[in-house]
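**Student:** Just a sequence and a predicted model for now, questions to come.
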Protein chains: 2
Amino acid sequence: MKPTGPEVPLTQPASNQIQRGADTHAGESRETILDTAEALFARHGYEGVGLREIARLAQLSKSALFHHFPTKMDLYLAVLARIFGDLEGCLSEASSSEGSALARLLAWVDAMLDALAERDTRAPLLMRTLFEGEVLEHDSDTPEVNGPLKRILEAVSSLLHEGIEAGDLRPIPVPHATQSLIGVLLFHFASGGFGDEILGRPVFSATEIRRHKEFVLSFIETGLSARPNHPQGALGS
Amino acid sequence: MKPTGPEVPLTQPASNQIQRGADTHAGESRETILDTAEALFARHGYEGVGLREIARLAQLSKSALFHHFPTKMDLYLAVLARIFGDLEGCLSEASSSEGSALARLLAWVDAMLDALAERDTRAPLLMRTLFEGEVLEHDSDTPEVNGPLKRILEAVSSLLHEGIEAGDLRPIPVPHATQSLIGVLLFHFASGGFGDEILGRPVFSATEIRRHKEFVLSFIETGLSARPNHPQGALGS
DNA sequence: GTCTATAAAGCGATAGAC
DNA sequence: GTCTATCGCTTTATAGAC
């Protein structure tokens, strides 16, 4: 593509909230590979990344890489599975909260935004997964990816239905509202350099993250609520 | 990728509203190539498509393809330029309309949704352009793509600023609202098979397009308006 | 303007030594 | 578990005949 600089940190200890396993050394290179691949797949997509580049940045040979992940697709799915697992966590956090369906929906949006803002690779990869359906060939999907996705979507759908029946939400078509929610949640944090340009500042800077969350929550609240009394959507964030 | 069936119609006369040029035969194969490439790039992305496949589906040899477009990137940019030119048309339509800033914003959204719904390749390609910024290497961008994009974004930004100052819109951060608008507008029509699954029916079927437009317009209106009196966003659509 | 043939490099994946 | 070397194929792009 181009003589890229050290686009990905040579070692990427920027692993996030969920520390998987208490082992100090076992599977160490596996995590390094996953981190490296996650960054590259997020930026360039599945087809845009070569195993050669992943191996180089993860500091091992291509063959060693094949020992951990028998095929390129296995590696890609492992990356996705890790992300989807994390995102499903947001759901349990939020759905256990109390209040109206609208409040629980907003709590979920809040948790999702936090999770997406935490690592700049998540939204791009999620976006690619949803709208490049060809890569995850139809039904050959892995349960580690499809399961969490399906459960998240069902939970959102339930919340919307519940809110409509309770009179919290306007009578909206649930699937279309779901699509718009996904678009609003994902695009901003997936927009990379374009988003930085629009904002004039880094999308993932703390102040812009805060500002974005505030706007999105108020947008969704006033846009979907049956009684948009709230001039400023101040949530317990 | 896989032994694809005739994923792209062998000849693709599904060209849309804008009939470019009055010539009956000149540049005929050029248009065929662009149609074919547009469909493939939309589905698989820049890196996911080979010139071999494009040439096969456009029914000419790879070398003949190189005669029309000297490099793969030239072809990709030509595809984008055609789309961005069309989309800029929506802007002039809508901005010439009368009424409040909010009304003109909604008129633009209305026109954009029509344009995106007209051809199932537009939203995916636009989405890819915005969030795979690496492909259009930064500043080496062609004016045929970057110009329309810049003008569209500036127009939207102006409308939002104007609406806020006039008191039509809530006091929202314009760049963040722009990002959310883009997400809402693009994702649904870019979501491919995923969207079909969510809806249970084809995203690009007439009834679902109508339903989606209705919802999105009401969502944006109530979500951004300073006085969301409208329980159902009935616009002159 | 379209073709066949080919170049030069990269791809995913494998074999087999250590 | 990691390595070197290689296989077979595809990629973008070019050369040159017609």
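**Tutor:** Right, received. Where do you want to start? Keep in mind that this is a model prediction, so the values were computed, not measured.

**Student:** And residue A:110, how far from residue A:213?
**Tutor:** Counting by C-beta to C-beta, to the nearest Å, the gap from residue A:110 to residue A:213 is 7 Å. Where C-beta positions appear, they are placed from N, C-alpha and C, glycine not excepted.

**Student:** Pull out the buried residues from the helix or strand of chain A with the lowest mean pLDDT.
**Tutor:** Least confident helix or strand, chain A: helix A:72-95 with a mean of 90, by mean pLDDT, DSSP states H and E. Across helix A:72-95, burial judged by 16 or more other C-beta atoms under 10 Å in any protein chain shown covers A:72, A:75-84, A:86-88, A:90-91, A:93-94.

**Student:** Relative to residue A:222, how far out is residue A:205?
**Tutor:** Residue A:205 is 26 Å from residue A:222, where distance means C-beta to C-beta.

**Student:** Looking only at neighbour counts, state which of these two leads.
**Tutor:** More crowded of residue A:205 and residue A:222, by other C-beta atoms under 10 Å in any protein chain shown: residue A:222, with 23 against 12.

**Student:** Just the element for that one, please.
**Tutor:** Using DSSP states H and E, residue A:222 sits in helix A:206-224.

**Student:** What is the burial count for the nearest residue to residue A:88 once chain neighbours are set aside?
**Tutor:** Once flanking residues are discounted, residue A:88 sits nearest to residue A:148: 4.0 Å by C-beta to C-beta, 6 or more residues apart in numbering or on different chains. By the criterion of other C-beta under 10 Å, residue A:148 has 20 neighbours.

**Student:** List the buried residues in the strand or helix carrying residue A:148.
**Tutor:** According to DSSP H and E, residue A:148 maps onto helix A:143-166. For helix A:143-166, burial by neighbour count (16+ other C-beta under 10 Å) applies to A:145-146, A:148-149, A:152-153, A:155-156, A:159-160, A:162-164.

**Student:** And stretch A:41-61, by the same measure?
**Tutor:** For stretch A:41-61, the neighbour count (16+ other C-beta under 10 Å) marks A:41-49, A:51, A:53-55, A:57-58, A:60 as buried.

**Student:** now it, how far from the chain's geometric center?
**Tutor:** Here the centre of stretch A:41-61 is set off from its chain's centre by 20 Å, with C-alpha atoms, centre = their mean, to the nearest Å.

**Student:** Quick one: end-to-end distance for that stretch.
**Tutor:** 18 Å (C-alpha to C-alpha, to the nearest Å).

**Student:** so, in contact with DNA strand C or not, it?
**Tutor:** Yes - Stretch A:41-61 reaches DNA strand C (C-beta under 7 Å from any atom of the strand) through A:49, A:50, A:51, A:52, A:53.

**Student:** Among those, which ones are in helices?
**Tutor:** A:51, A:52, A:53 (DSSP state H).

**Student:** And these, which is closest to chain B?
**Tutor:** Comparing these against chain B with C-beta to the nearest C-beta places residue A:53 closest, at 12.5 Å.

**Student:** which residue sits closest to the closest one in space, ignoring its chain neighbours?
**Tutor:** Nearest to residue A:53 is residue A:40, by C-beta to C-beta, 6+ apart, at 6.4 Å.

**Student:** Which helix or which strand is home to the one you found?
**Tutor:** Here residue A:40 sits within helix A:28-44, counting by DSSP H and E.

**Student:** starting at the chain centroid, how far to that helix?
**Tutor:** How far helix A:28-44 lies from its chain's middle: 15 Å, per C-alpha atoms, centre = their mean.

**Student:** mean confidence score for it?
**Tutor:** Helix A:28-44 carries an average pLDDT of 95.

**Student:** got the angle between that helix and helix A:72-95?
**Tutor:** 90 degrees (axes from the mean of the first three to the mean of the last three C-alpha atoms, to 10 degrees).

**Student:** and helix A:28-44, what does it pack onto?
**Tutor:** helix A:51-58, helix A:62-68, helix A:72-95, helix A:122-131 (3 or more C-beta pairs under 8 Å, 6 or more residues apart in numbering or on different chains; DSSP states H and E).

**Student:** Looks like residue A:37 contacts residue A:73 (just checking).
**Tutor:** No - if you go by C-beta atoms under 8 Å, residue A:37 and residue A:73 don't touch, sitting 11.6 Å apart.
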